[in-house]
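K.L.:
Please work out how this folds:
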Amino acid sequence: MKTRMDYRKVGVEGYRAFAGVHQYIAKCGLEEELVHLVYLRISQINGCAYCVDLHYRDALKCGTDPRKINAVSAWREMPFFGPRERAAFGWAESLTHVAQTQAPDADYDALKPHFSDKEIVDLTYAISLMNAFNRLGVGFRSMPHVATAKAAE
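P.N.:
Predicted structure coming up:
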């Protein structure tokens, strides 16, 4: 598949605005591993090739076990995830499919025992940001850099 355009270069100011939210999330206090895994799950759902590759590599860089990364798409059945991660994945999936789910109370309520109110807001910012980036990536057919993929082999 051919990339349609590099939206980061064409819409520089818009990209900078998204990058500002990304920087906020990186410093907000949510665990780095959790954020990368949530980003990965959202990107899998949305079929964003660039982001799936990026967040797989980011999760590896922060020390996440490759088996755990590989298990993200089947998080409900896998024993590698704790209650906090499961609640985050449930909320991420609910918001990613919001047109179908309408963000049900059960998914929101599942967060409450594991996240503070601020963490819920920050997690929701992260989920929203990744869905926006995925729409840019899918819409403009952003692809992983082949040189990066070859270096990982």
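
K.L.:
tell me the centre residue of the protein?
P.N.:
For the chain, the residue nearest the mean C-alpha position is residue 39 (1.0 Å; Cα atoms, centre = their mean).

K.L.:
Does that residue touch residue 52 like I think?
P.N.:
No: here residue 39 lies out of contact with residue 52, judged by Cβ atoms under 8 Å, at a distance of 9.3 Å. Placement of C-beta: from N, CA and C, glycine included.

K.L.:
Tally up the residues packed near residue 13, please.
P.N.:
6 (other Cβ atoms under 10 Å).

K.L.:
Quick check: it vs residue 121, distance?
P.N.:
The gap separating residue 13 from residue 121 is 25 Å, by Cβ to Cβ, to the nearest Å.

K.L.:
so where's this protein uncertain?
P.N.:
In the predicted model of the chain, residues 147-153 satisfy pLDDT under 70.

K.L.:
For residue 64, which three-state class applies?
P.N.:
coil (DSSP: H, G, I helix; E, B strand; the rest coil).

K.L.:
any idea how far the residue nearest to residue 87 when sequence neighbours are not counted lies from residue 137?
P.N.:
Leaving aside its chain neighbours, residue 87 sits nearest to residue 110 (4.5 Å; criterion: Cβ to Cβ, 6 or more residues apart in numbering). To residue 137, residue 110 is 28 Å away according to Cβ to Cβ.

K.L.:
Good, wrapping up.
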